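Asks: Only the shape, not the letters, is given here:
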């Protein structure tokens with residue numbers, strides 16, 4: 001499943017065994033944290049427009 005998620009993000013990202021997982025898991029966590037921050041900013045922007 002992790003492999004499929006990362007391929008959707010970047011099809012050229014090589015995943016090979018444990019080395020790939022050691023690199024990609026922190027990357028995926030950072031990307032998810034960034035997405036969370038962007039969604040919070042979008043929500044705040046939309047709330048300010050509605051008022």
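Replies: Done, it's in. What you see is a predicted model; the values in this text were computed from it and never measured.
Asks: which SS class is residue 32?
Replies: What DSSP: H, G, I helix; E, B strand; the rest coil gives for residue 32 is helix.
Asks: which SSE is residue 27 in?
Replies: Per DSSP states H and E, residue 27 falls inside helix 17-50.
Asks: list the buried ones in that helix?
Replies: Neighbour counts over helix 17-50 (16 or more other Cβ atoms under 10 Å) mark residue 24 as buried. Any C-beta I mention is one placed from the backbone N, CA and C, and that applies to glycine too.
Asks: Who are the packing partners of it?
Replies: When contacts are defined as 3 or more Cβ pairs under 8 Å, 6 or more residues apart in numbering; DSSP states H and E, helix 17-50 sits against helix 2-9.
Asks: pLDDT averaged over the helix it packs on, what's the number?
Replies: For helix 2-9, mean pLDDT is 58.
Asks: and what of stretch 36-46?
Replies: For stretch 36-46, mean pLDDT is 94.
Asks: Outside of that stretch itself, list whatever touches it.
Replies: By Cβ atoms under 8 Å, 6 or more residues apart in numbering, no surrounding residue is in contact with stretch 36-46.
Asks: mind checking how far residue 43 is from residue 22?
Replies: Distance, residue 43 to residue 22, by Cβ to Cβ, to the nearest Å: 33 Å.
Asks: cool, and residue 47?
Replies: Distance from residue 47 to residue 22, by Cβ to Cβ: 39 Å.
Asks: what does residue 37 give?
Replies: Relative to residue 22, and taking Cβ to Cβ, residue 37 is found at 24 Å.
Asks: And residue 32, by the same measure?
Replies: Distance, residue 32 to residue 22, by Cβ to Cβ: 17 Å.
Asks: can you check residue 34 too?
Replies: 20 Å.
Asks: now swap in residue 44 and tell me
Replies: Applying Cβ to Cβ to residue 44 and residue 22 gives a distance of 35 Å.
Asks: Same question for residue 33.
Replies: Here the criterion is Cβ to Cβ. By it, residue 33 lies 18 Å from residue 22.
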